[in-house]
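Undergrad: Here is a sequence together with a model predicted from it:
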Amino acid sequence: MTLTSRKTPAKQTVARKRRDSIVVIIGLMVFLALLIHLRPAPRDLLPAEQQVVKTAKGHVCVHTLLENEVEEKKILRSLELVRELGAATIVQFFPWAYAETRAGHFSWGRFDRIVRHTKRQGLRIIARLGLVPDWLNAGETKTLNTLPEAAFPKFAEYAAAFAARYAGTVEQLIIWNEPNLSFEWGYQPVDPVRYVRLLQAAYPAIKGANPKAVVLAGALAPTLEPRGSEAGLNDLDFLRDMYAAGASEYFDALAIHSYGLREPATAEPASDKVNFRRAELLREIMLENGDGHKPVSITESGWNDHPRWIHAVRSSQRSAYTIEAFEYVQANWDWVEQLCIWALRYPADLRSYPDNYTLISAGFVKKPIYYALQDYARGWERSANLWLPPPEADP
Amino acid sequence: MKREDSKFSRAVMAAAILVSLAAVWRHYQPPNRDLAFPAGGIVIGVDASFPPFAFDNAGALEGLDIELGEAIAAEIGLPARFVNISYYGLYDALITGGVDLLIAALRVDQSRRNEVRFTQAYFDNGLVLVTAANGEPINVNALSGAALAYEYASGADSRIRAWEEEGHTIARLPYELPTHALDALRLGQVDAALVDAITLRLYAKERAEWEYSRQFVTREPYAIALRIDREDARKLVDRALAALKDRGELARIVQKWF
């Protein structure tokens, strides 16, 4: 018996072919690596010059939705349109789920791009933080707004990391969105006390990371839902309950959502109706709780001009009411710092009535409301009509 | 050794065939109603802010989506219960199991394909090019020179701009409302109007004497949404919808609301 064996010619041929194949594969890999290495660097879309917002109305602000934008040129174009509009501030969502894709591992590239472009356009950012990463609710059927209380410290860690990274650029942070709506609270019963515990976790963490950061609470949905409703709880009772739970210590400013629905901006507020001046009722609750020194930012507002949605107005009314709202804020609400219109643009049209809240279409077509707001913000004369008068039968 | 290999290969092949046959058999099995809707009823999410598909009439939900939901539930043989949810909460309600299905004038949305399955369409709200019944028919591919009325900043506006980018020269006539665009057509002031199908149906319903012709230039199918793991439920709903279509019941419901 021998330990060595001589290869037959056939086996030698197979071995040679195998060796040749390996050489070819390695060669191809080296070639591909060279191609990747030598490919032209992507064109930097950041404008070379620092831009400046020209505005006559510093309180004009719009809510952008750049977090889901894939193409950088669309982020750039969106922010150019904000600047050209004459809005100096944007509200922008920075989803936790996008930053912390693995537990303890943050990837900021997507946010860096938005912040870099916003800064270059001369715009300020109010950041909205929320959206739970998948890994926190692994294996369970939960929505991306389902945040177990045990994970509040994890959210606080994200908020602190965000505050530290963008200190000096992003100084205002909203904690969560519309926690008084069941579907924004993970499709579970809303709970003002638990929301305050979320604030309690996030506030010191953010302040520790950036002492200059302004923490905004609330961003409550304007709704009339009574106590015990499956859908949520009205914003007035929710805010009262927040104060009763000691919220005052854990926020510096209140974010308010103030939609006009079918009423003009000047319509009187009442606890049993949703309109623009409902914000005054929330302000009264702040005053009752000794928080009159804290400012307010209206981080969502506007009118909808869908032809069939029951809460919509006509396009001409939408323009008129929106400008009236800005004028009303300037004349009467010295406690409001920003009035932000929902929304500049959706990355893709939803093909339903929410599309009629935007200022420009997904395809970057400016809507009449954009021009009206631009005229106001820039202090220009109103543009000529953008549409024809209603047709009349020939006499 | 060779014989053992061969036996093993045959066993693997037989197992593969059996698994495939089982999958095919499962696929063609009729859906099980008790498994599809174990609670013994169908909970349907609707958005009652969108007439005539769904709206709140003094506390009672009404509209095309409601009537369609009732008809589908009756076809399946189960009672229906409707839950009114705002547009933004519809899909979350479906995904968390708050409702079994959504009938809410929802456009088929492929970006949700990882979580949601849609049935066949029950309505098409695409853009329609409308011309006078006795006028010259307009070919979508030969629009150059046509005077076209539409709603400013609408989907029709975007479509017309796209046609212009493709090289058509169109005399664009924007109006504040889509009904104004149809008025202009009815009064003979333009060659055609471009509006969505719902607008045309509602407009024409109020003007029974008006005659027009129309052709779809885009498609926007509305369908029923179910969670991706509710395959039996989707099959049942899809079959019920097909049966309603075959019997002309769906057309009757649509006709009633438009």
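TA: Arrived safely, thanks for sending. Nothing here was measured: the structure is a model prediction, and the numbers come from that model.

Undergrad: quick one: contacts for the residue in the stretch 51-200 of chain A that chain B sits nearest to?
TA: Nearest residue of the stretch 51-200 of chain A to chain B (C-beta to the nearest C-beta) works out as A:Phe183 at 3.5 Å. Heads up, the C-betas are built off the backbone N, CA and C, glycines and all. Neighbour list for A:Phe183: A:143, A:145, A:231, B:85, B:88-89, B:92-93 [criterion: C-beta atoms under 8 Å, 6 or more residues apart in numbering or on different chains].

Undergrad: The chain: strands as residue ranges?
TA: Since you didn't name a chain, this refers to chain A. Assigned strands in chain A, in chain order: A:60-64, A:89-95, A:124-130, A:172-175, A:214-220, A:253-259, A:296-302, A:336-342 (criterion: DSSP state E).

Undergrad: actually chain B
TA: B:42-46, B:49-50, B:54-57, B:60-62, B:80-84, B:101-107, B:116-124, B:127-132, B:147-151, B:171-175, B:192-196, B:212-216, B:221-227.

Undergrad: most packed of those?
TA: strand B:192-196 (a mean of 28; mean count of other C-beta atoms under 10 Å in any protein chain shown).

Undergrad: in the stretch 151-258 of chain B, which segments are predicted with low confidence?
TA: With pLDDT under 70 as the threshold, the stretch 151-258 of chain B has no low-confidence stretch at all.

Undergrad: mind putting the strands of chain A in TSV, mean pLDDT and mean neighbour count included?
TA: Formatted as TSV, the strands of chain A follow (pLDDT from 0 to 100; neighbours: other C-beta atoms under 10 Å in any protein chain shown):
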stretch	mean pLDDT	mean neighbour count
strand A:60-64	98	26
strand A:89-95	98	24
strand A:124-130	98	22
strand A:172-175	98	24
strand A:214-220	97	25
strand A:253-259	98	25
strand A:296-302	98	26
strand A:336-342	98	24
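
Undergrad: per-residue confidence at residue 51?
TA: I went with chain A, as the question did not name one. We have a pLDDT of 97 for A:Gln51.

Undergrad: let's do chain B instead
TA: On the pLDDT scale, B:Pro51 gets 92.

Undergrad: In contact with A:Asp252, which residues?
TA: Contacts of A:Asp252 by C-beta under 8 Å, 6+ apart are A:214-216, A:294.

Undergrad: Tell me how many other residues crowd the residue in chain B positioned nearest to chain A.
TA: Using C-beta to the nearest C-beta, the single residue of chain B nearest to chain A is B:Gly89, 3.5 Å away. The number of residues packed near B:Gly89 is 22, by other C-beta atoms under 10 Å in any protein chain shown.

Undergrad: Show the contacting residues for the spatially most central residue of chain B.
TA: Residue closest to the average C-alpha location in chain B (C-alpha atoms, centre = their mean): B:Tyr222, at 1.3 Å. Residues in contact with B:Tyr222 (C-beta under 8 Å, 6+ apart) are B:105-108, B:121-125.

Undergrad: still on that earlier bit, so which of the strands of chain B comes closest to A:Val53?
TA: Nearest to A:Val53, of all these, is strand B:171-175, at 29.5 Å by C-beta to C-beta.

Undergrad: Just the angle for that closest one relative to strand B:192-196, thanks.
TA: Computed with axes from the mean of the first three to the mean of the last three C-alpha atoms, to 10 degrees, the direction of strand B:171-175 lies at 50 degrees from that of strand B:192-196.

Undergrad: Is strand B:171-175 in proximity to chain A?
TA: Yes - using C-beta under 8 Å from any C-beta of the partner chain, strand B:171-175 reaches chain A at B:173-175.
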